[in-house]
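Participant: coordinates only, sequence not included:
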DNA sequence: CGACCATTTGATATGGATCAAGCGATGTGG
DNA sequence: CCACATCGCTTGATCCATATCAAATGGTCG
């Protein structure tokens, strides 16, 4: 159950507490931070740490908390009965996840690297939204973005492997704006499960894009976008 | 070539038939209808009619209205630059569509058959939601269901053709609860674009399911589920 | 009856999966 | 410091599910 997961880690909470004010990594300063919702999370959120590959919450656990990622990377996913895994999304520092409509989480969430998150009770947040229209609007906006992403993913999944990989690279480049170089926080397997492909196909597609001079792959985790127009064209 | 049996439940058939026509069909008195939101729509919604294949709204148009389907069937969809079409959803009488988070529609909507809808201004609805918590909750619930559906679709799209078709049939059977007979309101092309397959593959999969005695296909638009456990197994 | 459209069926092609091997980086114990 | 296991990634060979191309069938409406 979620509560167990949360409580289990709650032990680690207090020790981490000082950490989040002090350590202001460059990643943490984002647009979202100035919103009323973000301020509330910053002020009253409990800090928690999760080691690499730890589960933050599981599918079907009750969705009592909302999470804001401070550092590290998180993936959400579903597992089919035969073991196939579909990654629902990758979350970077500043992103909010665990946002649910129903009472239960529809996906599981895992830390991809050691991760620090701020946790707020969903009930207090909705109560706050009832009093403060600005908070409600923020929640709304977060949801809007989330739904948009999901719908784009559906479009993604009817495309070819090249198109999927190109879309993925452009999406990541947009989310980690560092010029044309993207430092991927996830493995090939994660990318494959996100795009509905196999690692082999992802790998082959990347080398093929490299041959076409659309990208460069200096190391497996770093990708340089050399020809965005071409990638956009592939994007469909 | 498969034998078309004459033994068919005629009772189920006629009840499905009138589902599409009668604008005061008993089907409309569903859960949604007793909700405050539904009542408001019923009272202050403007009735509009759309002929078969007419556009109800287009992608990128401003999303000023919310629609509730009274009779007929509606599809929402997106078109990729090269003409591929992804159907976002099918809507049956009683369903609400056009629900958006942003200012613009992210999909187009078309009447699949002559359709009657009730239309309400989104602004009045959100204003109402601000005053009446029950309305807000209803809007929330609608959105929750919508998101759930979208997420399930993502899972669908990583499955095999058989699994997709099986899931589709079970979904439709659930939405048009008439025992084990499903009267499909959409063409094979629509189904294909919904499932991310081709018409040929949909057709072949149906015949293969029929050979496996999981379903019967007395006419192309009517499907009888003969072996739900088997379909559920295929569902993944 | 005949034209038209949706659907099914058949033959073939192909993109991506699968199976299998190689390779480079990282870490571990002797 | 070096053999050597391990792990993530790439590359190669082959297979297979679905797409594509093409034709036959069947239902509907004039």
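Facilitator: Arrived safely, thanks for sending. Keep in mind that this is a model prediction, so the values were computed, not measured.

Participant: what residues go with each domain of chain A?
Facilitator: Following automatic domain parsing, one finds the domains of chain A at A:2-156, A:161-235.

Participant: what residue lies at the spatial centre of chain A?
Facilitator: The centre of chain A sits closest to residue A:91, judged by C-alpha atoms, centre = their mean, with a distance of 1.4 Å.

Participant: nearest spatial neighbour of that residue, chain-adjacent residues omitted?
Facilitator: Leaving aside its sequence neighbours, residue A:91 sits nearest to residue A:74 (C-beta to C-beta, 6 or more residues apart in numbering or on different chains; 4.3 Å). C-beta: built from backbone N, CA, C; applies to glycine.

Participant: follow-up on the earlier one: compare the domains of chain A and give me the one nearest residue B:120.
Facilitator: Nearest to residue B:120, of all the domains of chain A, is domain A:2-156, at 18.7 Å by C-beta to C-beta.

Participant: what's the mean pLDDT across that closest one?
Facilitator: In this model, domain A:2-156 has a mean pLDDT of 82.

Participant: does that domain reach DNA strand D?
Facilitator: No: Domain A:2-156 is not in contact with DNA strand D by C-beta under 7 Å from any atom of the strand; minimum separation 9.5 Å.

Participant: what does stretch A:191-198 give?
Facilitator: No: Stretch A:191-198 lies apart from DNA strand D when judged by C-beta under 7 Å from any atom of the strand; the minimum separation is 8.2 Å.

Participant: which residue packs closest to residue A:166, ignoring adjacent ones?
Facilitator: In space, residue A:166 is closest to residue A:234, 3.9 Å off (C-beta to C-beta, 6+ apart).

Participant: where's that neighbour relative to residue A:192, distance?
Facilitator: To residue A:192, residue A:234 is 18 Å away according to C-beta to C-beta, to the nearest Å.

Participant: same check on residue A:218?
Facilitator: Using C-beta to C-beta, residue A:218 is found at 21 Å from residue A:192.

Participant: more neighbours, the two?
Facilitator: Taking neighbours as other C-beta atoms under 10 Å in any protein chain shown, residue A:218 and residue A:192 compare with residue A:192 leading, 21 against 9.

Participant: looking at chain A, which helix is longest?
Facilitator: Identified as the longest helix of chain A according to DSSP state H is helix A:133-156.

Participant: so it, near chain B or not?
Facilitator: Yes: counting by C-beta under 8 Å from any C-beta of the partner chain, chain B is contacted by helix A:133-156 at A:133, A:140-141, A:143-144, A:147-148, A:150-151, A:153-155.

Participant: emit the ChimeraX select command for whichever of those residues are buried.
Facilitator: Burial among the residues of helix A:133-156 next to chain B is assessed by 16 or more other C-beta atoms under 10 Å in any protein chain shown; the matching ChimeraX selection reads:
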select /A:140,143,147,150,151,153,154,155
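
Participant: what's the closest of the residues of helix A:133-156 next to chain B to DNA strand C?
Facilitator: DNA strand C lies nearest to residue A:155 out of the residues of helix A:133-156 next to chain B, by C-beta to the nearest atom of the strand, at 14.3 Å.

Participant: quick check: residues of chain A near DNA strand C?
Facilitator: Counting by C-beta under 7 Å from any atom of the strand, chain A sits next to DNA strand C at A:160-162, A:196-198, A:200-201.

Participant: from those residues, which ones fall inside helices?
Facilitator: Counting by DSSP H, those place A:161-162, A:200-201 in helices.

Participant: need these in a markdown table with distance to residue B:35 and pLDDT, can you?
Facilitator: A markdown table is the format used below for these (distance: C-beta to C-beta, whole Å; pLDDT from 0 to 100):
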| residue | distance to residue B:35 | pLDDT |
| --- | --- | --- |
| A:161 | 44 | 98 |
| A:162 | 46 | 98 |
| A:200 | 50 | 98 |
| A:201 | 46 | 98 |
